[in-house]
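Q: whatever this is, show me its structure:
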Amino acid sequence: MLFGPGETDPTNPKVAKATSSLTNGPGFRQTSGRYKPDPEREVLYDLGLLATRREWVRAWKPAVPGIHEVFHARFVHHVYPPHTHDAWTVFIVDEGAIRYDLETRHRGAAGARVTILPPHVVHDGRAATSAGFRKRVLYLGSDILGDDLIGRAVDDPDIEDPSLVQRLRTLHRILGDPDEAFAAETALAGVSIRLRAHLGAVNETVADRPDDEIASDLRELLDEHFSQRLTLADAGYLLHASSAHLAKCFSRTFGISPHRYLLARRIEAARGRLLDGEPVAKVAASVGFHDQAHLTRHFKRHVGTTPASYASASRSRSGASTRI
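A: Sure thing, here's the model as predicted:
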């Protein structure tokens, strides 16, 4: 069992049968009544390992630039030996409490706080009580948090910020859906801004380019490529700004996140194609959704009905528009 990117657990727990609560998670699909790994997900180790029913591990690598790994776990007896990571470790504790040492300093994590462990710095970890703990972790690259922030993180790894905790919970929820990579990237941008502010990072500026101009450039890019798999990282490369800065400028200028704007553009395009009589599955693929189910979920949220019902109502009225 691994306990972080590139780290091997020195224990040898007994492997028990995975429960449905684990195999229903990201990276698994049901086939003939049995759950098997989903080949479309790069699952690092969703092993369904249960030393007892009280311990489990789930981890995967999402298609989101900057996130090396997502790691969810519950431990009672497991003890992390001293180790380091190449990535930043950002975690929240959902249940219980953790005791850990960061270099030579004794630390703890519990409750509504975010903990940041910097790369290349030795740390360990264990349950603070016999009840164990449940945590959710993101391993982030240096493109999200730079190595120049390591010293501040060693001195002050805890963030008492309920809003940031909620943002991270939302991000973890979105990361559970492989179809929502752009939404996850947008949410990560907001999280990274708060993390960098806590660590005292200097706010990014783009010389001679006001925020509204950057936002307009991003909107033009999204309009032009709305049906393609454009990432914020791609846009940042083209517009010479970080993903976090793009998302902040866009939201401040237009009052909507890049992800929600892109969804609305795709839904609008889908409505027109459905009214033209195109099949739902073909429409989904042509406007940038992963599949028909992905389109249907968002279409119903935006329009109040399914794509199939929307198209059917249009045909039944001999071409009369049902737009609302």
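
Q: for the closest residue to Glu69 other than its chain neighbours, which three-state class applies?
A: Leaving aside its sequence neighbours, Glu69 sits nearest to Tyr139 (CB to CB, 6 or more residues apart in numbering; 4.3 Å). C-betas here are computed from N, CA, C, even on glycine. Under DSSP: H, G, I helix; E, B strand; the rest coil, Tyr139 falls in the strand class.

Q: so Tyr139 touches Val64, yeah?
A: No. The pair Tyr139 / Val64 is not scored as a contact, 11.7 Å apart, by CB atoms under 8 Å.

Q: which of the residues in stretch 188-197 are buried?
A: For stretch 188-197, the neighbour count (16 or more other CB atoms under 10 Å) marks 188-196 as buried.

Q: adding secondary structure, write those residues out as JSON lines.
A: JSON lines is the format used below for the buried residues of stretch 188-197 (three-state DSSP):
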{"residue": "Leu188", "secondary structure": "helix"}
{"residue": "Ala189", "secondary structure": "helix"}
{"residue": "Gly190", "secondary structure": "helix"}
{"residue": "Val191", "secondary structure": "helix"}
{"residue": "Ser192", "secondary structure": "helix"}
{"residue": "Ile193", "secondary structure": "helix"}
{"residue": "Arg194", "secondary structure": "helix"}
{"residue": "Leu195", "secondary structure": "helix"}
{"residue": "Arg196", "secondary structure": "helix"}
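
Q: neighbours of the closest residue to Ala153 other than its chain neighbours, just the number please.
A: Distances taken as CB to CB, 6+ apart put Pro118 closest to Ala153, at 4.1 Å, once the chain neighbours are dropped. Using other CB atoms under 10 Å, Pro118 has 22 other residues around it.

Q: identify the residues contacting Pro118.
A: 88-89, 149-150, 153-154, 157 (CB atoms under 8 Å, 6 or more residues apart in numbering).

Q: go through those residues and name the one nearest His68.
A: Nearest to His68 out of the contacts of Pro118 is Trp88 (CB to CB; 8.9 Å).

Q: who's in contact with the closest residue to the closest one other than its chain neighbours?
A: Once flanking residues are discounted, Trp88 sits nearest to Leu140: 4.4 Å by CB to CB, 6+ apart. Counting by CB under 8 Å, 6+ apart, Leu140 touches 66-68, 87-88, 90, 192.
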